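>>> Based on what follows, work out the 3D shape:
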Amino acid sequence: MNLRDDLYTIDVMPHDEASPTFVVGLNGDHEIYRAHFPGQPVTPGVILLEMARELLQVTVDCRCEMVAVKNVKFLDVVSPITHRQVQFCFSRMTTADALCSAQVQVKMMDDKILAKISFTCRIDEK
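Predicted structure coming up:
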């Protein structure tokens, strides 16, 4: 699945390699939002996980396959109506034995936390 440049765009690339933060713009006209939920669009949790995986892939410049999700907390809904842009703030990134683990917080532009995710991906050199 590739959601980048369809469901979301990367509006600002990270400047800090140790704790990369992406600013992404959400496409409120995407078909996912027509189904989930008409008139009151909400970004599904699994889509936030996929977005985090794709952004990690950009960060490590390798293909990534999600192999484990340790912890997920959805603290508020992510709607393209109220959140045209959100931040994906990565931290505690470690790489060993072809695995990359990371924590990411999905935040509003005013830094209110919407979701917290800890996951691990298998990385595959291009």
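>>> The residue positioned nearest the centre of the chain: helix or strand, and which one exactly?
By C-alpha atoms, centre = their mean, the mean C-alpha position of the chain lies nearest to A52, the distance being 2.8 Å. If you go by DSSP states H and E, A52 is part of helix 45-60.
>>> in its sheet, what does the helix or strand that that helix is followed by sit against?
Downstream of helix 45-60, the first helix or strand assigned by DSSP H and E is strand 63-74. Here strand 63-74 has these sheet partners by DSSP bridges: strand 113-124 (antiparallel).
>>> Let me know whether V78 touches V86 as I believe.
Yes: using C-beta atoms under 8 Å, V78 is in contact with V86, at 6.2 Å. (Glycine included, C-beta is placed from N, CA and C.)
>>> In the protein, what helix or strand scores lowest on average pLDDT?
helix 31-35 (a mean of 92; mean pLDDT, DSSP states H and E).
>>> Show me which residues of that helix are buried.
For helix 31-35, a neighbour-count test (16 or more other C-beta atoms under 10 Å) marks I32, Y33 as buried.
>>> ok, now stretch 80-99?
Of all the residues in stretch 80-99, those buried under the rule 16+ other C-beta under 10 Å are P80, H83, V86, Q87, F88, C89, F90, M93.
>>> just to revisit the earlier point, identify the contacts common to V78 and V86.
L26, V106, L114 (C-beta atoms under 8 Å, 6 or more residues apart in numbering).
>>> quick one: the first one and L55, what's the gap?
Okay, so that is L26. Distance of L26 to L55, computed by C-beta to C-beta, to the nearest Å: 13 Å.
>>> again with the second one
As for V106, its distance to L55 is 10 Å (criterion: C-beta to C-beta).
>>> Spell out which residues are contacts of both of the two.
Contacts common to V106 and L55, judged by C-beta under 8 Å, 6+ apart, are F88.
>>> which residues touch the helix holding A52?
Contact with helix 45-60 is made by 1-4, 7-8, 10, 13-14, 20, 22, 24, 32, 63-64, 66, 69, 72, 74, 78, 88, 90, 93, 95, 100, 102, 104, 106, 115, 117, 119, 121, 123, as judged by C-beta under 8 Å, 6+ apart.
>>> Please identify the buried residues of stretch 33-49?
Those would be Y33, P41, T43, I47, L48, L49, for stretch 33-49 by 16+ other C-beta under 10 Å.
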